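Chemist: Quick one, fold the following:
(2 chains)
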Amino acid sequence: MRLGGMSDTQGLRLEGVHICLGERVLVALDAHVGRGETLTVMGPSGSGKSTLLAYLGGFLDPAFTASGRVIVDGVDLTALEAEKRHAGILFQDPLLFPHLSVADNIAIAIPEDVHGRKQRRALAEEALEDAGLAEFGDRDPDTLSGGQKARVALQRVLASRPRLLLLDEPFSKLDANLREQTRQLVFDRARRAGLPVVLVTHDEDDARAAGGQLHKVDPA
Amino acid sequence: MTRGVRLARLAPPLTLAILLGPLAFGLAGTALPALGYLPELGGVSFTTAHFSALAEVPGILRSAVLSILIGLVTTLVSLGAVAAFVASDLGTSGFARMRRMISPLLSVPHAAAAFGLAFLIAPSGMLMRLVSPWLTGYDRPPDLLIVNDPMALSMMAGLIVKEIPFLFLVTLAALPQTRHVETMRLGRSLGYGRIASFTFLLWPPLYRQVRLAVFAVVAYASSVVDVALILGPHLPPTLPVRLIEWMNDPDLETRFLASAGAVAQLGVTLLALIGWIGLERIGATLVSRARNCGHRMQRDRLVRAGARMVMIASAVIVFGGIAVLALWSISGLWQFPDALPANFSLRSWMQALPRMSGPLATTLAVAGLSTLIALVLTILCLEREYETGRGRGNGALLLIYLPLIVPQISFMFGLQVLSIWLGIDASFPALVLAHLVFVLPYVFLSLSDPWRAHDRRHDLIAAGLGMSRTRTLIAIRMPMLTRAILTAAAVGFSVSVGQYLPTVLIGAGRLTTVTTEAVALAAGGNRRVIGVYAFMQTLLPFLAFAIATGLPGLLFRNRRGLRV
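Modeler: Just a heads-up that it's a prediction; the model follows:
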């Protein structure tokens, strides 16, 4: 198989994506994000950059109108419901489910085709080990430190085997040294998993660490 | 720190006394006669004979079991519909529409909603008229037992349409305390359908917050009297209806039996609650099983459509029922199977109004006064909470919910005995106090959230300007919270208007309200008069809410920051 032919369909393609609020165009974007690459979207708060993530995830508020196509690995996501897109998201907060144990927080993300409680649990434990949290499976997520929570959230989204990864300022609430560490970890794992990444941020450092393409959204 | 509001110190103990005093004395007043002690009627020694007598009453077990089942089924269906609907449509524009449609249902008194349902589904009711004779071939009402059916299906339906708005609004109030938008998105981005995302991820923390309200629904449905009198089965009736029959028995000896029954009702409601906790366990196990398998349940269209239908049906039934009530109240000749009366007449109103003026005045006075007292106590309690930072815990919440969870009939009967003994039965203050036991919790629950959410910095600025706490409360906080205070007042007012049992027992037939008069008409079956009373019963809370919604807009018409 020719490598050039692959790169056409592999990864994330945004074709003529326009998101409008009434008459105002918030986002206009054409891009190709290869596997393991990152597209960084920068702009001040309220500029509509989070709207882009909502659009990609399938959660666009009906107040907005959008046109264009979102294609991942040749699959057109545009018309699919959120639950069928396999678009993994990391929010500003880790948002671990407070009523589930740490391991169950990851187990719940594992796709349906992995059968059996034991096998799912084993995969979750593996993911925890990979994040250096081997002994934490039965813990209450609320007892974890900020950095540990962020790592669990990352393992959770990876366990769901997403097609692409959406990052909604996921490092902004971490303190400086932790931010650097977590950032490296997230990009490293996304590259390892060969995921196209869309990062939304207002932090120049994030953009620099991500490398890749940069798209600036105008202030509102 | 400036000194606190002086009166606020007294408010928490006084509130607790008002909530728990009647409860404790009432339960004692029920338990003593049940055990044979009621000197006025010659009961001076303790005995279990009355419980034995109760056990011998024909069909008593069936009545008790029926009450438990009604409590469980009503709660399960209404909570299920609310949860499924919230799961389906949270965050959509349809959700906001449903909220606007369902919210007013809360103010409709249970009895009026029950009458409305009866007028719709009875063999000679509106629904049958709409399909007769062209579809059914009936030119006279069929001989069917739809209302008062022995399985209590119509009664459960009447309760469900009223509990849905209650549980819906309680759930809506709890939602902001969860990260519901992100949680639902996260669940769906992991591939879970809406129902699955909600059930696995959002419901467990949400349910913890609404649990006491759900308990109140279980307890209410298992011990309700007025709805059972209108829609419930006759042979045998549910336990609470049998109790009220015994309490009204001219043979005073029957009061011992009634007391034993009221104690038994306590057990019945307790069993219903234990049954509910069992259902919670089963539900939790099923949910965690499905969760552990990672079932995505993406095909949930049917469940979602079903939930939407039940929600809409509850609104249509209540509104439709009220419309039919109104129609009957102004109908002249109206024969079956005509869908509309042959002519209209105000005669029912003209005849009823003079007789209604007394009960109407009592209704307004009791509701107004009990609401006012509840409002003052609530505001002072919340002010005290603000000053001391205490009183937000789960313990405090349980105390507030307690009068709503203990069956009314079990302690109101004892209070009646007590009020006769003290010679204050059928007195206005006793009636206000009896209503206050139920008005106060609702006013408190309604006002506490907006009060706590109020931006404290306004108070700090006021303090910086040299205002005392009292002045800040009156000049800053209360005006800013006008809307919330008026809404709480409307809630309290409608709770009081809807009270049946406390009015019947403490009013002792001499102080009557629109509600007791309306329910008393149930047996007679004169639809025009029932229409007048039940419509009036609906109108009062509706007006209260209309004022609560409209007045702030008028007061603050030049204040954009206070608009909603």
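
Chemist: got the residues of chain A near chain B?
Modeler: A:57-59, A:62, A:81-89, A:91, A:93, A:95, A:97-99, A:104, A:107-112, A:114-115, A:117, A:120, A:156-157, A:160, A:162, A:166 (CB under 8 Å from any CB of the partner chain). (Each C-beta comes from the backbone N, C-alpha and C, glycine too.)

Chemist: Give me the below-cutoff pLDDT ranges for the chain.
Modeler: Went with chain A since none was named. Within chain A, the stretches with pLDDT under 70 are A:1-8, A:219-220.

Chemist: Chain B is the one I meant
Modeler: B:1-3, B:391, B:563-564.

Chemist: Got the phi and psi for whatever residue of the stretch 1-150 of chain B ends up closest to chain A?
Modeler: Going by CB to the nearest CB, chain A is nearest to residue B:93 of the stretch 1-150 of chain B, at 5.9 Å. Dihedral pair for residue B:93: phi -70, psi -30, per degrees, to the nearest 10.

Chemist: that older thread, so which of the residues of chain A next to chain B sit within strands?
Modeler: A:87, A:88, A:89, A:166 (DSSP state E).

Chemist: Scan those and report the most crowded one.
Modeler: Within those, neighbour counts (other CB atoms under 10 Å in any protein chain shown) peak at residue A:87, which reaches 30 neighbours.

Chemist: residues from chain B in reach of chain A?
Modeler: B:92-93, B:179, B:182-183, B:185-186, B:188-194, B:197, B:200-201, B:204-205, B:291-296, B:298.

Chemist: Of the residues you listed, just the buried ones, ChimeraX syntax please.
Modeler: Buried subset of those, written as a ChimeraX selection, criterion 16 or more other CB atoms under 10 Å in any protein chain shown:
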select /B:179,183,185,186,188,189,190,191,192,193,194,197,200,201,204,205,291,292,294,296,298
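
Chemist: So which of the residues of chain B next to chain A belong to helices?
Modeler: Cross-referencing these against helices under DSSP state H gives B:93, B:182-183, B:185-186, B:188-189, B:194, B:197, B:204-205, B:291-293.

Chemist: Farthest-apart pair in these, please.
Modeler: Using CB to CB, the two most remote members of these are B:93 and B:292, lying 34.9 Å apart.

Chemist: Excluding sequence neighbours, find me the nearest residue to residue B:203.
Modeler: residue B:83 (6.4 Å; CB to CB, 6 or more residues apart in numbering or on different chains).

Chemist: Where does the one you found sit: helix, strand or coil?
Modeler: Secondary structure, DSSP: H, G, I helix; E, B strand; the rest coil: residue B:83 is helix.

Chemist: Likewise for residue B:326?
Modeler: helix.

Chemist: Tell me the spacing between the nearest residue to it once chain neighbours are set aside and residue B:115.
Modeler: Excluding the flanking residues, the one nearest residue B:326 by CB to CB, 6+ apart is residue B:535, at 5.1 Å. From residue B:535 across to residue B:115, the span is 9 Å (CB to CB, to the nearest Å).

Chemist: quick one: common contacting residues for these two?
Modeler: Residues touching both residue B:535 and residue B:115 (CB atoms under 8 Å, 6 or more residues apart in numbering or on different chains): residue B:325.

Chemist: coming back round to it: in terms of secondary structure, what does the helix or strand harbouring the residue nearest to residue B:326 contact?
Modeler: Counting by DSSP states H and E, the element that carries residue B:535 is helix B:527-555. Helices and strands touching helix B:527-555, by 3 or more CB pairs under 8 Å, 6 or more residues apart in numbering or on different chains; DSSP states H and E, are helix B:110-121, helix B:301-329, helix B:347-388, helix B:482-498, helix B:514-520.

Chemist: Point out the most buried one among these.
Modeler: helix B:110-121 (a mean of 28; mean count of other CB atoms under 10 Å in any protein chain shown).

Chemist: Show me the contact partners of that one.
Modeler: B:105, B:125-127, B:146-147, B:154-155, B:157-159, B:161-162, B:224, B:226-227, B:230-231, B:317-318, B:320-322, B:324-325, B:328, B:498, B:500, B:515, B:518-519, B:522, B:527, B:530-531, B:534-535, B:537-538.

Chemist: Name the residues of the helix or strand following it that are buried.
Modeler: Using DSSP H and E, the helix or strand that follows helix B:110-121 in sequence is helix B:126-130. Applying a neighbour-count criterion of 16+ other CB under 10 Å, one finds B:126, B:128, B:129 buried in helix B:126-130.

Chemist: Distance from helix B:126-130 to the middle of the chain?
Modeler: 29 Å (CA atoms, centre = their mean, to the nearest Å).

Chemist: And stretch B:535-543, by the same measure?
Modeler: 15 Å.

Chemist: Check stretch B:130-145 too.
Modeler: On CA atoms, centre = their mean, the centre of stretch B:130-145 falls 34 Å from the chain's centre.

Chemist: Give me the neighbour count for residue B:339.
Modeler: 12.

Chemist: I'd say it and residue B:130 touch.
Modeler: Yes. Taking contacts as CB atoms under 8 Å, residue B:339 lies within contact range of residue B:130: 5.6 Å.

Chemist: now residue A:19: how far from chain B?
Modeler: The spacing between residue A:19 and chain B, counted by CB to the nearest CB, to the nearest Å, is 17 Å.

Chemist: before we move on, what about residue A:185?
Modeler: 19 Å.

Chemist: The helix or strand harbouring residue A:200 pairs with which strands?
Modeler: Using DSSP H and E, residue A:200 maps to strand A:197-201. Paired neighbours of strand A:197-201 in the sheet (DSSP bridges): strand A:38-42 (parallel), strand A:164-168 (parallel).

Chemist: Quick one: closest of those strands to residue B:57.
Modeler: strand A:164-168 (65.4 Å).

Chemist: Could you count how many residues lie near residue B:444?
Modeler: Residues near residue B:444, counting by other CB under 10 Å: 25.

Chemist: Can you classify it by secondary structure?
Modeler: helix.

Chemist: Roughly how far does it sit from chain A?
Modeler: Residue B:444 is 27 Å from chain A, by CB to the nearest CB.

Chemist: Just give the closest residue to that residue, not the sequence neighbours.
Modeler: The nearest residue in space to residue B:444 (CB to CB, 6+ apart) is residue B:378, at 4.8 Å.

Chemist: try residue A:141
Modeler: Residue A:141 sits nearest to residue A:96 (CB to CB, 6+ apart), 3.8 Å away.

Chemist: May I ask you to confirm that that neighbour is in contact with residue A:102?
Modeler: Yes. The pair residue A:96 / residue A:102 is scored as a contact, 7.5 Å apart, by CB under 8 Å.

Chemist: Need the residues touching each of those two.
Modeler: Counting by CB under 8 Å, 6+ apart, the shared contacts of residue A:96 and residue A:102 are A:141, A:144, A:152.
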